[in-house]
Each structure stands twice: as C-alpha cells, then as structure tokens.
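Engineer: Just a sequence and a predicted model for now, questions to come.
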Amino acid sequence: MADFTYQIPQQPEWVGTKMDESTEVDLHVGSPDLLSLDAARALRATRALEEVQKSYSDKTNERTVVALRQMGDNIVAFRREAQGMQEAA
Amino acid sequence: MANVLKKALRLITGTPAQVSYLKPPKKLFLRARTERELIQLESEIGRELFGPVPEGHRREFFNLDPQTWIWHEEIKQDDGQTRAITTRYELQDTGILKVQDGSHYTYLEGQELTNLVDAIKLYYEKVARTVYGRDPHTGVKLS
C-alpha cells in the first residue's frame, strides 16, 4: 500500500522572520528548502504510483503464474497417461 | 537430450555426482526413458517457438515439471568451441524466477516476461494437440 504517513519537514527558521522585499523574493523563489519540499511531494507521489503499479503487477503475476502452473500440471498429466499407455503396450 | 536433462537435474538438485551413480530399478529406468522421449518430442515443438534455429546451434525448450521450464542453447563459436547456456525458469508465487548457470537469479519483468508467458502458452497449445492429441482447453481427446 502507498505510504501516506509522510511528514512534511519542519519549516526552516527563516520563515516568518522579517525581511526586506528583495531578500524575501530571493528566499521564496530560489530557496532550496522550498525546492526540497516540492521534491518531497513529487517523491511521495512517485512512491504511491510505484506501490500501485507493484500491487497491480504482483496480482497480474500471481494470476499468470497460476495459469501457467495449470498448463504444466496438464502437460505432466498428459505425459503420465502417455507413459501408462506405452508401458501397458 | 540426455545431457540436457542431466543438466536440468543438476541445476535442480545441485548434486551432479549423485546423478551418475544413481541406478534406478529397471521399471523406473524404463519409465524415465519414456518420459525423456516424450519430453524430446515436446522440445521439438518448443525449440521452434522462438523462430528458426541458426545453423550450428542447438536449442531445447521444454517443461520439466509443473513449475519448471528449461531453455538450453548450444552455440558453435568461430573457434570451433561449443558454448552451452542452460536457463531454468521457476514459477513461483510472486513471479517467474530465471536461474542461469545455477547462480544468477532474477525475476522476469517487462518484455522478457511477456515473451516467456506467450511461449509457454503456445507450447501448451501445440504440445497438447500435436504430441498428446488433446484439446488444450478441455483435455478431451481429439478424434
């Protein structure tokens, strides 16, 4: 299942401090902390997608393996019967 | 063909020395030979599923037991040596495990998985009809 327990990192100390306009623009546009927050959100979305895909893939594989095993069972049964016929002959 | 099965058996048991010393009772031996012949017939179909076998190559593809499939290929190289590759595919609950040379383990994914699944389905269809004269879907004998 997807991990929805991800905690948003604590806000950096500079948030809420009084700054002049030029500093504020610089911090909010280019701040590595904000970028990392976006990256964390993107990562969280990617992980959720991967979990869904994996779950789907696992179920698909499971169904496929069951079908293939059934084919193998049938082949072995056909083989045994053919052996029995040959031994009887 | 005997080499292929010996290799397959060696891959599964991991004890090659025991194989050569194994002397089964006569009836079991007869049964084993018969099974081998049937697998050989199946493999004649199996080897064609992947296209024509190049000259100088030898290819076998067959079902060993309900959860094991074997691919064996011998390739004659330019220096005259023959290179043999045996791959075992194990059907496990979580997917298909590919084992090469008894030591490389990977779960099949993507196109390779699709190709193997298609090959097994084709093998089953053709072997059921051609070798055993059975309807692959119902198991009923074909008239």
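Structural biologist: Arrived safely, thanks for sending.
Engineer: Local confidence estimate at residue 22?
Structural biologist: With no chain named, the answer covers chain A. With respect to pLDDT, A:Ser22 has a value of 43.
Engineer: ah, I was thinking of chain B
Structural biologist: For B:Leu22, the predicted pLDDT is 42.
Engineer: So B:Arg83 sits against B:His57, correct?
Structural biologist: No - assessed by C-beta atoms under 8 Å, B:Arg83 is found out of contact with B:His57, at 10.1 Å. No exception for glycine: its C-beta is placed from N, CA and C like everyone else's.
Engineer: Tell me which of those two has more neighbours.
Structural biologist: B:His57 (13 against 9; other C-beta atoms under 10 Å in any protein chain shown).
Engineer: What residues does B:Val140 make contact with?
Structural biologist: By C-beta atoms under 8 Å, 6 or more residues apart in numbering or on different chains, the contact list for B:Val140 reads B:Arg134.
Engineer: Show the subsequent helix or strand relative to the helix or strand bottoming out on mean pLDDT in chain A.
Structural biologist: Here the helix or strand of chain A ranked lowest by mean pLDDT, DSSP states H and E is helix A:21-30, holding a mean of 42. In the C-terminal direction, the helix or strand that comes right after helix A:21-30 (DSSP states H and E) is helix A:32-88.
Engineer: Packing partners of that next one?
Structural biologist: In this structure, helix A:32-88 makes packing contacts with helix B:26-46, strand B:57-65, strand B:82-92, strand B:95-100, helix B:110-130, judged by 3 or more C-beta pairs under 8 Å, 6 or more residues apart in numbering or on different chains; DSSP states H and E.
Engineer: so the third one versus strand B:95-100, what angle?
Structural biologist: What that stands for is strand B:82-92. Angle of strand B:82-92 versus strand B:95-100, following axes from the mean of the first three to the mean of the last three C-alpha atoms, to 10 degrees, is 160 degrees.
Engineer: Given strand B:82-92, what are its sheet partners and their directions?
Structural biologist: With DSSP bridges as the test, strand B:82-92 is paired with strand B:68-76 (antiparallel), strand B:95-100 (antiparallel).
Engineer: mind listing what's buried in the last one?
Structural biologist: Spelled out, it's strand B:95-100. B:95-96, B:98-99 (16 or more other C-beta atoms under 10 Å in any protein chain shown).
Engineer: What separation is there between B:Pro136 and chain A?
Structural biologist: For B:Pro136, the distance to chain A (C-beta to the nearest C-beta, to the nearest Å) stands at 8 Å.
Engineer: Pull the number of nearby residues for that residue.
Structural biologist: B:Pro136: 18 neighbours (other C-beta under 10 Å).
Engineer: Please identify which residue in chain A comes closest to chain B.
Structural biologist: Shortest chain A-to-chain B distance, computed as C-beta to the nearest C-beta: residue-wise this is A:Gly72, at 3.5 Å.
Engineer: do you know how far that residue is from B:Pro66?
Structural biologist: 4 Å (C-beta to C-beta, to the nearest Å).
Engineer: Give me the more crowded residue out of these two.
Structural biologist: Per other C-beta under 10 Å, whichever of A:Gly72 and B:Pro66 has more neighbours is A:Gly72, with 20 against 16.
Engineer: The more buried one contacts B:Leu91, doesn't it?
Structural biologist: Yes - between A:Gly72 and B:Leu91 there is a contact under C-beta under 8 Å: 7.1 Å.
Engineer: Mutual contacts of the two, please.
Structural biologist: The contact sets of A:Gly72 and B:Leu91 overlap at B:66-69 (C-beta under 8 Å, 6+ apart).
Engineer: from those, which is closest to B:Ile120?
Structural biologist: B:Ile120 lies nearest to B:Trp69 out of these, by C-beta to C-beta, at 6.5 Å.
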